[in-house]
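Pasting a predicted model and its sequence here:
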Amino acid sequence: METQSKGTFPNLFGELDTPSWFRRLADIPGMRFEPHQTLDRTKLRGHDSVPKVEVYEFDGKPYQSLLWSINNGETSASPARQHALREYGGVSSTKLIRNAYQCLELPGCPSDYHFLIQSCAQELWKRRREEPCVLEDVENLCWLDIQLIQTRPDVITDEFAGEPKFYNVVAFSTLIEMYEREGFLQEAEEVAARAGAFKQCERDRQRLRERIAAVEAEDGD
């Protein structure tokens with residue numbers, strides 16, 4: 001089941017269109033995502049939750065919000081957000097990654113999935129020196145986040161700005177740094193080019209173009 005909305009945080013509010021939510025990340029049209037085979041979403045609490053839409057007025061304009069049932073009442077937090085870890089200290093990377101992918105199998109809004117993916121990738125990136133094995137997971141999560149925002153740009157769009165304005169996407173800078181450090185300049189420049197569609201990483205792209213040109217010039221000599 002899908003409903004439509006405008007807005008960066010459709011799980012909280014949106015203009016009178018019904019806020020957008022999905023039963024799982026893979027249900028978002030255009031997303032190419034296969035969950036871990038070991039995950040059974042039917043065993044996750046809240047996997048079959050359906051929100052209630054509530055209409056209210058703010059600053060003279062009608063708005064709608066999503067309310068999800070919980071044991072002691074209702075909450076604006078989707079099952080995906082409720083299931084997410086609150087603290088990462090003492091949590092193993094394996095558990096952190098598994099929790100992130102469990103959240104992506106629960107009902108939520110595109111913005112919920114974006115912030116869940118981004119938070120997990122950021123935490124793993126911090127651990128890369130002590131745990132180099134997490135780099136592959138960081139790369140996969142960053143590309144998944146980029147796919148999501150390319151499919152649903154509204155999750156990073158400031159709807160209250162007078163002109164199109166996008167919130168910063170950490171996945172772009174993370175991949176650029178990762179690829180550039182390893183000498184994969186073409187791949188880093190490709191990421192920067194994608195970021196340009198969201199008015200980000202233009203300086204990185206210019207720097208990478210110059211480095212690529214310098215390398216090509218050396219090869220030519």
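Sure, I can see it.

ranges for the helices of the protein?
Listed in chain order, the helices of the chain (DSSP state H) span 79-83, 93-103, 110-126, 135-151, 170-181, 185-196, 202-220.

out of those helices, which comes closest to residue 31?
Closest to residue 31 of the helices of the chain is helix 135-151 (Cβ to Cβ; 5.7 Å). For the C-beta atoms, the positions are set from N, CA and C on the backbone; glycine is no exception.

So what's the residue count around the closest residue to residue 31 other than its chain neighbours?
Closest residue in space to residue 31, ignoring its immediate chain neighbours: residue 151 at 5.7 Å, by Cβ to Cβ, 6 or more residues apart in numbering. Residue 151: 15 surrounding residues under other Cβ atoms under 10 Å.

Ok, residue 206 next?
12.

and of the helices of the chain, who's closest to residue 30?
Nearest of those to residue 30, taken as Cβ to Cβ: helix 135-151 at 4.1 Å.

Determine the set of other helices and strands touching the closest one.
helix 93-103, helix 110-126, helix 170-181, helix 185-196 (3 or more Cβ pairs under 8 Å, 6 or more residues apart in numbering; DSSP states H and E).

Tell me how far the last one lies from the chain's centre.
On the basis of Cα atoms, centre = their mean, to the nearest Å, helix 185-196 sits 18 Å off its chain's mean C-alpha point.

Need the pLDDT of the nearest residue to residue 164 once chain neighbours are set aside.
Closest residue to residue 164 apart from its sequence neighbours, by Cβ to Cβ, 6+ apart: residue 157 at 7.0 Å. In this model, residue 157 is scored at 91, pLDDT.

can you pull up the bridge partners for residue 157?
Residues in a beta bridge with residue 157, per DSSP bridges, are residue 166.
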